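Peer 1: here is a sequence with its predicted model. Questions after.
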Amino acid sequence: MPALQKELLAKLIVFQKNELTEYHIYKRLAKLVANPHNQQILSEIAAEELCHYNIYRKYTQREVQPNRWQIFLFTSLARIFGLTFGLKLMEKGEAQAKKTYEEYVRDIPELAQIIADEDQHEHELLNLLEEDTLNYVSSIVLGLNDALVELTGTLAGLTFALQNTRLTALSGLITGIAASFSMGASEYLSTKAGGEEPALAFKSALYTWVAYVFTVIALILPYLLTANYFLSLVLTLTIGVIIILAFNFYLAVAKEWPFWSRFLEMTVLSVAVAGLSFIIGYFLRLFLQVEV
């Protein structure tokens, strides 16, 4: 067999293995999800992937085994972080593979149809997935963003005003928990005033409250683990940036929102408020001559 034919065969076997792997991922997730609508969508995509696999098998005349590690990885990601995130992350990983397909369309004309399926049909189907987390993403953003800005500022101010990690943690917890209930109640009233039913307004408020409380606990944790108040503040700001990074990456994948602009905006805002509060806490301590 000439070198080119060997190279083409090797590529087709890789493509065939990828299609079979994705077939098993979609098929497994279709069995795991409870939503009938999502089950139907995942089953349709699985059938399409199996069709692609059979096209490659027709040319390679070989049976291949799926990538078990990828099946485990993307199935786990979809179960932990949601279907849309896990599957769209997998599709992003296939972007390079689609470019490679284009190189062999002349040799395998049917690749053109496979590329069209990957670019259009699957993308459209994935956008039809129903997922509560994404439906209430604005409420989660509200809770996370408000907690990050407000609490990093509060903790920064308290850090130099009190210079005691336990007192700062106690004050931060009281402030944060009270603010979380206030923010949840405000989200409920705001959503209900916008015409939503009470049950949906409550669900929106719950997402806001949970996001707020999670952020409060994460930001205050360093003050409970170390006695050095300056180190605690640095760790808190680091955790804040990590939360912003992780959440914006999630949105960039699941909602296809711009990553860097949103990440930089939230980070600069949180750090700027924290820095200003840090300075205010320092001068208030000097002005009031408070010693703890």
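Peer 2: Structure's in. What do you need?

Peer 1: could you list the low-pLDDT ranges of this structure?
Peer 2: 1-4, 93-104, 119-135, 281-282, 284-292 (pLDDT under 70).

Peer 1: tell me the centre residue of it?
Peer 2: Nearest to the geometric centre of the chain sits residue 250, at 2.0 Å (C-alpha atoms, centre = their mean).

Peer 1: identify the residues contacting the nearest residue in space to that residue that is not next to it in sequence.
Peer 2: Leaving aside its sequence neighbours, residue 250 sits nearest to residue 85 (C-beta to C-beta, 6 or more residues apart in numbering; 6.0 Å). (C-beta placed from N, C-alpha, C; glycine too.) Neighbouring residues of residue 85 by C-beta atoms under 8 Å, 6 or more residues apart in numbering: 77-78, 250, 253-254.

Peer 1: can you tell me the SS state at residue 85?
Peer 2: Counting by DSSP: H, G, I helix; E, B strand; the rest coil, the backbone at residue 85 sits in helix.

Peer 1: counting by contacts, list what the helix or strand containing residue 15 packs against.
Peer 2: Using DSSP states H and E, residue 15 sits within helix 3-32. With contacts taken as 3 or more C-beta pairs under 8 Å, 6 or more residues apart in numbering; DSSP states H and E, helix 3-32 sits against helix 36-60, helix 68-81, helix 83-93, helix 95-102.

Peer 1: using TSV, lay out those helices together with distance to residue 273.
Peer 2: Below are the helices and strands packed on helix 3-32 laid out as TSV (distance: least, C-beta to C-beta, whole Å):
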stretch	distance to residue 273
helix 36-60	40
helix 68-81	28
helix 83-93	29
helix 95-102	37
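
Peer 1: follow-up on the earlier one: wait, which of the contacts of residue 85 is closest to residue 142?
Peer 2: For these, the minimum distance to residue 142 (C-beta to C-beta) is 15.5 Å, reached by residue 250.

Peer 1: wait, doesn't that closest one sit right on residue 77?
Peer 2: No: in this structure residue 250 lies outside contact range of residue 77 using C-beta atoms under 8 Å: 10.8 Å.

Peer 1: count of neighbours near residue 86?
Peer 2: Residues near residue 86, counting by other C-beta atoms under 10 Å, number 22.

Peer 1: ah, wrong one, I meant residue 149
Peer 2: Residue 149, neighbours per other C-beta under 10 Å, totals 18.

Peer 1: thinking again about what came up before, the residue nearest to the centre of the chain in helix, strand or coil?
Peer 2: Residue 250, by the three-state scheme (three-state DSSP), is helix.

Peer 1: just the helices in the stretch 151-292 of the chain please.
Peer 2: 165-193, 198-225, 229-254, 260-288 (DSSP state H, counting those that start in this stretch).

Peer 1: do you know which of those helices lies nearest residue 23?
Peer 2: Nearest to residue 23, of all the helices of the stretch 151-292 of the chain, is helix 229-254, at 21.7 Å by C-beta to C-beta.

Peer 1: report the buried residues of the closest one.
Peer 2: Neighbour counts over helix 229-254 (16 or more other C-beta atoms under 10 Å) mark 229, 232-233, 235-237, 239-241, 243-244, 247-248, 250-254 as buried.

Peer 1: from the contact counts, what lies against that helix?
Peer 2: Using 3+ C-beta pairs under 8 Å, 6+ apart: helix 229-254 touches helix 83-93, helix 137-162, helix 165-193, helix 198-225, helix 260-288.

Peer 1: who wins for proximity to residue 30 among the helices and strands packed on helix 3-32?
Peer 2: Closest among those, using C-beta to C-beta: helix 36-60, at 3.8 Å.
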